[in-house]
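S.K.: here is my input; please provide its structure:
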Amino acid sequence: MISRRKAKKSHSKDKTRMRGAIVLLVLIFFLLVLILIFLPPVSPSSSPSREVKNKPLKKELPHKRGKLEGESAKGVGGRKEHPKRGGKLVIIIDDAGYSLKLLKPFLNFRGKITISVLPNLRYSKESAREILKAGKGLLLHLPMEPENGMDPGPGAIFVGDSREEIFRKLDRDFNSVPGALGANNHMGSKATASSRVMEIVMEYFHIRNKYFIDSKTTSESRAREAALKWQVPYLARDVFLDNTPGEGEIEKWVLKGMEIARRKGYAILIGHVKNPQILDVLQKVKPLLSSEGFSFSEINDLIKSLTNKSFRASLDTRIE
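M.R.: Model prediction:
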């Protein structure tokens, strides 16, 4: 009897455990159903990995960094985006007038250049005539007093000169370089730093309808302020090509000029007639200039494109 009761009790406990297990499984099942019903569907586009890919991370835009560093950006399929095109390079060759032999290679250069002639020298007038005959641009290379005490040459303007002396010298200088419509300074670090001298010079240029190119032989130049006051067309040198002669250095400065011209539309590069290797470099870089959209320009053409109509008309009349 006792064993039968024990067996009955054990059987009853097993039944109770089984019922509990079944109830628990049913609850788990219903809980899973509820989760599936109320959980929103996950679309492929909202997957965490896709969200990370679509973020505008800097690492995914190396072309932007390249543009800032001057590299050419590329678009889809490796095609180049539209790069900013080049500009005008104005090459001015100083110190002509001493020798026709030194001048000749520059006259034969197949490209637009401007040659600046020192006044009152043996070959000044003949150099000016040959330059115009060859179809090149012409400037007066105006001697002006430097800081170092060196002799700037005949016809030079000094800071102690009176207004009458400066006017007389300028008349003589321009007469010795016939056909010059403007001038750039030869030396002149002391004279161009003098507001008084530059105001007299610009008064003369205003009266005679000339333009002035500042060779920038000093950072203290007062030429620009005086030119603005007297409404004289004014531009300034951007690069000296041959402070250190040699094709490698000259080429470096031509490339610098290209960089400046790309930024502002033009660049004025000054070299000297005693360095004919300038021509070799210009000939060498011609294909690059052409492919990058650069062109050579004469200073007269640049002045005409940047100044007012009345001044352009006066230039046209005098060129004829």
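S.K.: for residue 211, phi and psi?
M.R.: The phi and psi torsions at residue 211 (degrees, to the nearest 10) take the values phi -120, psi 160.
S.K.: that one: what's it in contact with?
M.R.: Contacts were defined as CB atoms under 8 Å, 6 or more residues apart in numbering; by that measure residue 211 touches 181-182, 205, 232-235, 303, 307, 311. For glycine as for every other residue, the C-beta is placed from the backbone atoms N, C-alpha and C.
S.K.: you'd agree residue 278 is up against residue 250?
M.R.: Yes - checked against CB atoms under 8 Å, the pair residue 278 and residue 250 is within contact range at 5.8 Å.
S.K.: please enumerate the shared neighbours of these two.
M.R.: For the pair residue 278 and residue 250, residues contacting each of them under the criterion CB under 8 Å, 6+ apart are 241-242, 271.
S.K.: lowest pLDDT pick from those?
M.R.: For the shared contacts of residue 278 and residue 250, the weakest pLDDT value sits at residue 242, with 94.
S.K.: that one contacts residue 279, correct?
M.R.: No - Residue 242 sits out of contact with residue 279 when judged by CB under 8 Å, with a separation of 11.4 Å.
S.K.: list the helices and strands the one helix or strand residue 202 maps to packs on?
M.R.: Under the criterion DSSP states H and E, the helix or strand holding residue 202 is helix 195-208. The contact analysis (3 or more CB pairs under 8 Å, 6 or more residues apart in numbering; DSSP states H and E) places helix 195-208 against helix 163-176, strand 211-214, helix 223-230.
S.K.: helix or strand right after the helix or strand of the chain with the lowest mean pLDDT?
M.R.: When the helices and strands of the chain are compared on mean pLDDT, DSSP states H and E, helix 62-68 comes out lowest with a mean of 30. Under the assignment DSSP H and E, the closest C-terminal helix or strand after helix 62-68 is strand 88-96.
S.K.: outline the domain layout of this protein.
M.R.: Taking automatic domain parsing as the domain assignment, the ranges for the chain are 2-78, 88-319.
S.K.: out of these, indicate the one that is most buried.
M.R.: The highest mean neighbour count among those belongs to domain 88-319 (a mean of 19), with neighbours defined as mean count of other CB atoms under 10 Å.
S.K.: now for the residue nearest to residue 277 when sequence neighbours are not counted: which residues touch it?
M.R.: Ranked by CB to CB, 6 or more residues apart in numbering and with sequence neighbours excluded, the top spatial neighbour of residue 277 is residue 247, at 5.3 Å. Applying CB under 8 Å, 6+ apart to residue 247 gives the contacts 277, 280-281, 284.
S.K.: give me the pLDDT for the nearest residue to residue 210 once chain neighbours are set aside.
M.R.: What sits nearest to residue 210 in space, not counting adjacent residues and going by CB to CB, 6+ apart, is residue 182, at 5.3 Å. Turning to residue 182, the model gives it a pLDDT of 98.
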